[in-house]
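K.L.:
Provided below are the primary sequence and the corresponding predicted coordinates.
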Amino acid sequence: MKGYSLLCLAVISASSYAGRPNQDWDPGFGGEISVVTGYTRSTSQFNTDNKTLSSPNQKATTQDSFLIAPIGTLDYTFQSADQQIFFGTRRSDIALGRFHLELGYRQKFEDTGIFSFSFVPGLLKQKTWADPFILNEEREETKVKTRALRLTAEKIMGSNFSGELAVGHQSYDDEKSGFANFTPQEQTLLNREANILFAQGSYSQFVGRGMMLRGALNYTRINSEGEAMAHTIYGGEASIIQLLRSSSFAFTVSYDHATFDTINPVFNQEQKDDRWGAFLAYEYRQPFGWQNWSAISLIGYNQSQSNITFYDEDSLLATVGLNYKF
């Protein structure tokens, strides 16, 4: 699933962390909006600027782009100050290199933790190829989206442990993998429509002077309709988060290993991927003395090395911008 292997475009809105720990909720409406500009560079067979493929073993093309985009969050806290409705992207997700646009409800329980339930509606779609394997003629674009239900628990029973469970479905507007060159049986093996299960457990610990260490282990099951596309991912990540008086940053490294269920008929072997990522998010509060404003920046790099050259990928992202909290 490319959403896990590439830095998502919307990560551009990153701040360094999800606010100060144990911050109280104020009743009423609140939120924030970011406007950022940046540069992305990715090398992938799924870049949609290269419409023609001459060989399945052809080296992937590199795509460069500049961007400017807004993104924001909106929440409403009830008078009890322990219940909240929210829409947008959690800053904690962005700071850790993930992006989910979601609508949900969260509640804070004294000495028990913060629990939330949300729906990811799949409003943001990614471009890809309807049939990535067509040779010597122009490939057609299609779009893929993921809808999901997500349950998270933070500071479980007052501890430093947190957890997340999500289930979803990945769908394509026009799935035609293998239609041009392969038999109906092989086309069935290549079908990318999938149900998704994601589970993660994490632990965070302050180690003094505003520094926090965070570690996480995760499991992802992409249960595609095509057995050659179905796979399991085991991963982990480690973060250093530094909270200073006027600024903060988060540095995260991650590793995932993906194994696929059966032989890919295009390449006559089972796919196996090793995926690495590293990025640094930074926030400087009240630049020029501006109340409620922050200057934000992110630089990140992801790489996926596969035993099948076709699936090798890497991506680079660098952004700067401003964030306003209200």
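P.N.:
Thanks, I have the structure now.
K.L.:
the helix or strand of the chain with the lowest mean pLDDT: what's the following helix or strand?
P.N.:
When each helix and strand of the chain is scored by mean pLDDT, DSSP states H and E, helix 2-5 comes last, with a mean of 36. Using DSSP states H and E, the helix or strand that follows helix 2-5 in sequence is strand 28-44.
K.L.:
now that next one, how far from the centre of its chain.
P.N.:
On the basis of Cα atoms, centre = their mean, to the nearest Å, strand 28-44 sits 13 Å off its chain's mean C-alpha point.
K.L.:
list the buried residues of that strand.
P.N.:
Under the neighbour-count criterion of 16 or more other Cβ atoms under 10 Å, strand 28-44 has Gly30, Glu32, Ile33, Ser34, Val35, Val36, Gly38, Thr40, Ser42, Thr43, Ser44 buried. All C-beta atoms are positioned from the backbone trio N, CA, C, and that covers glycine.
K.L.:
now the fourth one: how far from Gln291?
P.N.:
In this structure, Ser34 lies at 17 Å from Gln291, with Cβ to Cβ, to the nearest Å as the measure.
K.L.:
try the third one
P.N.:
When Cβ to Cβ is applied, the distance between Ile33 and Gln291 equals 15 Å.
K.L.:
might you list the low-confidence residue ranges for the protein?
P.N.:
Across the chain, the ranges flagged by pLDDT under 70 are 1-23, 90-100.
K.L.:
and Gly168, what is it in contact with?
P.N.:
Residues near Gly168 by Cβ atoms under 8 Å, 6 or more residues apart in numbering: Val120, Thr146, Arg147, Ala148, Leu149, Asn195, Ile196, Phe198.
K.L.:
I'd say the third one and Leu124 touch.
P.N.:
No - shown here, Arg147 and Leu124 do not form a contact pair, counting by Cβ atoms under 8 Å, at 11.2 Å.
K.L.:
what's around Gly113, how many residues?
P.N.:
Neighbours of Gly113 under the rule other Cβ atoms under 10 Å: 19.
K.L.:
repeat that for Asp49.
P.N.:
With other Cβ under 10 Å as criterion, Asp49 counts 9.
K.L.:
and the helices in the chain, which stretches?
P.N.:
Using DSSP state H, the helices of the chain run over 2-5, 91-95, 184-189.
K.L.:
pretty sure Gly321 is touching Ser34, no?
P.N.:
Yes - if you go by Cβ under 8 Å, Gly321 and Ser34 touch, sitting 5.5 Å apart.
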